[in-house]
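# Quick one, structure for this:
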Amino acid sequence: MSTVDPPITVAILGAGKGGTAMLESFLNLPHIRLLGIADTNPHALGFQLARLHNIPTVSHPLKLIQEDKLNLIIDVTGDPILPSYITEHKHSGAEVLGGTAAKVLSELIQHQTFIQAQLFHSEKLASMGTFASGIAHDINNPLYVILAMAEEIQEENNLDRIRQHAASIHEAAQRIQAISRNITDYVRTSSHQELEQIDLHARLDEALSISRFATKFREITVQKHYQNGLTVQAKPEEILQVFINLITNAIHAMEEKGSLTITTSHNNGTVQIAISDTGCGISPEHLQKIFNPFFSTKPKGQGTGLGLYNVKTIVKKYHGDLEVESEPGKGTTFRLSFPVISPAGNMVSREKP
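A predicted model of the protein is given here:
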């Protein structure tokens, strides 16, 4: 009978850029258990992510490195005094990775994080091909208004009529500006590092606005059942990317006709979002593969196969859960849940059934 190896318990010393990237990477490894992260800076970037995942944060490493269950200490602080301090006080069974070795590991993990960010960005850019015709259509309508009003102004002598036409031109130009701003905000490469309390419904509505470019929306009805006051703690552009992917997929599955329902709720220490469509559904053999990278049910050239993979990666990053229910010919529902974060930055405990 095969036995399952116990998880490797790790402590990270240093919660700056390198420690944060290391923490984020280790969270995705099933056989790594993080016992804590230490830094003298109470506002260190890594502390935000650690608290989100209920990983202990300490300002002094002594208690952490003396933990008898600790297997590995990773020192990415660069502090020349710390190695001898660790050797003197650590638990006898704990190994230490520091100095040049820790720096190389930190550089590799930061590079991996950079590649992941570029992967997310590439998928955003690829989606613009899907949105192109819808964007052109939405821009053309106000553009026609601008051209028509400008032509009339040239032949108009009545000052009141000229002012009315000018107001129409201004309104149409603002509409084009709003479309341009939505798209440029979505596709830009994010340099934002801080986690924020995000208004969930504002991001869902923004995603709906952008996703309308994906196809003709005329025969798709949208039903929103929002529970007031819901927030999640994350990077805004990443949560927006999750919602745009799921809503756009739902729109495509309905082939321009059907009902899209978005429901939000707060239950048992979690914020929950359900995105449902009345589209073609997903076959059972495909349902097990939809989160795999580069898997797509769309015709060749119409999808990267990275959308749902990226969605799951982002949701997992924020300690969330993602489930899907689907039946061919009857539609699909994606259910997301994120932990509720207290004002102190800790997860609210979920009640056990």
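# and the gap between the nearest residue to residue 26 once chain neighbours are set aside and residue 223?
Closest residue in space to residue 26, ignoring its immediate chain neighbours: residue 32 at 4.7 Å, by CB to CB, 6 or more residues apart in numbering. C-beta: built from backbone N, CA, C; applies to glycine. Note on residue 32: its distance to residue 223, by CB to CB, to the nearest Å, is 42 Å.
# burial count for the closest residue to residue 7 other than its chain neighbours?
Among residues not flanking residue 7 along the chain, residue 33 sits closest, at 4.1 Å (CB to CB, 6+ apart). Number of residues near residue 33 (other CB atoms under 10 Å) recorded here: 16.
# Can you tell me the element residue 33 falls in?
Under DSSP states H and E, the secondary-structure element containing residue 33 is strand 32-38.
# hmm, who's touching that strand?
7-15, 19, 23, 26-27, 46-47, 50, 53, 55-61, 64, 67, 69-70 (CB atoms under 8 Å, 6 or more residues apart in numbering).
# just to revisit the earlier point, what about the residue nearest to residue 26, how many residues nearby?
Using other CB under 10 Å, residue 32 is surrounded by 15 other residues.
# and it, bridged to which residues?
With DSSP bridges as the criterion, residue 32 is bridged to residue 8.
# confidence score at it?
Residue 32 is assigned a predicted lDDT (pLDDT) of 87.
# and if you look at residue 322?
92.
# For the closest residue to it other than its chain neighbours, give me its contacts.
Of all residues not flanking residue 322 in the chain, residue 315 sits nearest, at 4.7 Å (CB to CB, 6+ apart). Residues near residue 315 by CB under 8 Å, 6+ apart: 242, 321, 322, 336, 338.
# Quick check: residue 247 touching residue 208?
Yes: with contact defined as CB atoms under 8 Å, residue 247 counts as touching residue 208 (6.2 Å).
# neighbour-wise, which of these two wins?
Between residue 247 and residue 208, counted using other CB under 10 Å, residue 247 has the larger neighbour count: 23 against 18.
# Could you check which helix or strand contains the more buried one?
Counting by DSSP H and E, the element that carries residue 247 is helix 236-254.
# what sits against residue 232?
197, 198, 200, 239, 271, 318, 338, 341.
# pLDDT weak spots in the chain?
Along the chain, the model assigns pLDDT under 70 to residues 1-4, 116-134, 137-138, 185-194, 214-218, 293-306, 341-353.
# what helices or strands is whichever strand or helix holds residue 21 leaning on?
Remark: residue 21 resides in helix 17-26, with elements defined by DSSP H and E. Packing contacts for helix 17-26, counted by 3 or more CB pairs under 8 Å, 6 or more residues apart in numbering; DSSP states H and E, involve strand 8-13, strand 32-38, helix 45-52, helix 99-155.
# Can you lay out those as CSV showing distance to residue 253?
Shown next, in CSV, are the helices and strands packed on helix 17-26 (distance: least, CB to CB, whole Å):
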stretch, distance to residue 253
strand 8-13, 41
strand 32-38, 36
helix 45-52, 32
helix 99-155, 13
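# among those, which is nearest residue 88?
strand 8-13 (14.3 Å; CB to CB).
# For the closest one, list every residue counted as buried.
Buried residues in strand 8-13, counted by 16 or more other CB atoms under 10 Å: 9, 10, 11, 12, 13.
# for stretch 85-92, same thing?
86, 90.
# Would you mind putting the CA coordinates of it into CSV?
Extracted C-alpha coordinates of stretch 85-92, given in CSV (Å, rounded to 0.1, in the frame of the first residue of the first chain):
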residue,chain,number,x,y,z
TYR,A,85,20.9,34.1,14.4
ILE,A,86,18.9,31.4,12.5
THR,A,87,21.6,28.8,13.1
GLU,A,88,21.7,29.6,16.8
HIS,A,89,18.0,29.6,17.5
LYS,A,90,16.3,27.3,14.9
HIS,A,91,14.8,23.9,15.6
SER,A,92,17.4,21.2,15.1
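# And the contacts of it?
Contacts of stretch 85-92 (CB under 8 Å, 6+ apart): 13, 61, 62, 65, 66, 67, 68, 70, 73, 75, 96, 98.
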